[in-house]
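Chemist: Let's see this in three dimensions:
(one chain, ligands or ions: 1)
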Amino acid sequence: MSDTSAARPVAVVTGASGGIGAATARRLAAEGFEVVLGARRVDRLEAIAREIDGRALPLDVTDDASVAAFAAQVPEVAVLVNNAGGALGTDQVVDADLDGWRWMFEANVLGVVRVTNALIDRLEASGDGRVVVIGSIAGFEIYPGGGGYIAAKHAVSAVTKTLRLELLGRPVRVTEIQPGMVETDFSRVRFGGDEAAAAKVYAGMTPLVADDIADVVAFVATRPWHVNIDEVVVRPRDQASARDVHRAG
Ligand code: NAP
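Modeler: Residues are numbered from 1 along each chain as shown. Modelled structure (predicted):
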């Protein structure tokens, strides 16, 4: 690594092997950060890390030991983007698949808590730490069939707000970004790899792309130290709420 790269502030992006996380890693690198990319699919991480002169490290945010091993390899960090997560299934509350719900809580909620707690001392030591959490409009809206994900993202939002209050007076800013529909692997994962079901989600409408959210992360992460962007809701023009989507035809 060159001398100039050693001077770059460090940004950690969880779930950086695809979708919003990969776009964010690329965008933060373009903004001058040395990006540490974490996720389970290390081959994908390594390809992106090579492209942006970053570092790829294995990370499973649902696993205490994995988070500890990851954090042990990150001596400095100024920006943490808690992005790893997702939805599983569309079961109704009365038919809840509790294994799926457990995963959603572990990945989305406890994952944010685990990784933030593992890195908070270094974020604070940077003198201007920034914690960016990728929540969802499911963090403040509800829709039928979204119960487990909605409950998890509501919890993410509550945890993020609490964290901001608790860190008041310390040099760490806390932001929640709440996207509407973004075309990534999100729906493929939610529908267990069913491509047709995933494609149907975006039929006749123009969703956001991962770069649209990466743009917002970059904006939030590059404000002057005294400015905290608390929350940002970002939706496609074709979406007015979780349940109101304009579709052509
Ligand atoms: P995606 O393309 O499926 O990406 C999800 C990322 O999370 C992948 O890189 C995946 O990497 C990682 N991940 C999943 N479980 C993980 C774990 N246990 N440990 C570490 N990494 C894990 O979906 P996306 O749309 O980019 O989702 C990113 C975030 O945006 C999620 O929190 C999601 O809830 C949120 N969001 C998405 C949308 C949307 O419409 N797409 C809307 C609102 C919010 P590995 O599989 O390699 O671990």
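
Chemist: okay, CA-based contacts and neighbour counts for the rest of this
Modeler: Fine.

Chemist: Now do the same contact list for the residue most central in space within the chain.
Modeler: In the chain, the C-alpha nearest the mean C-alpha coordinate belongs to N83, at 1.4 Å (C-alpha atoms, centre = their mean). The neighbours of N83, taking C-alpha atoms under 8 Å, 6 or more residues apart in numbering as the test, are V13, T14, G15, A16, I20, G21, V133, I134, G135.

Chemist: Can you pull up the residues of this protein that come close to the ligand?
Modeler: 14-21, 39-41, 59-62, 83-86, 107, 134-136, 179-186, 189 (C-alpha under 6 Å from any ligand atom).

Chemist: In strands, which of those appear?
Modeler: The strands, defined by DSSP state E, take in T14, A39, I134, P179, V182, E183 from the residues of the chain next to the ligand.

Chemist: Give me the buried subset of those residues.
Modeler: Neighbour-count burial (16 or more other C-alpha atoms under 10 Å) is assigned, among those, to T14, A39, I134, P179, V182, E183.

Chemist: Residues in a beta bridge with the fourth one, which ones?
Modeler: This points to P179. The partner list for P179 in beta bridges (DSSP bridges) reads V234.

Chemist: Touching, it and D212? I think so.
Modeler: No. P179 is not in contact with D212 according to C-alpha atoms under 8 Å; the separation is 9.5 Å.

Chemist: circling back: in JSON lines: the contacts of N83, plus pLDDT.
Modeler: Shown next, in JSON lines, are these (pLDDT from 0 to 100):
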{"residue": "V13", "pLDDT": "99"}
{"residue": "T14", "pLDDT": "99"}
{"residue": "G15", "pLDDT": "98"}
{"residue": "A16", "pLDDT": "99"}
{"residue": "I20", "pLDDT": "99"}
{"residue": "G21", "pLDDT": "99"}
{"residue": "V133", "pLDDT": "99"}
{"residue": "I134", "pLDDT": "99"}
{"residue": "G135", "pLDDT": "98"}
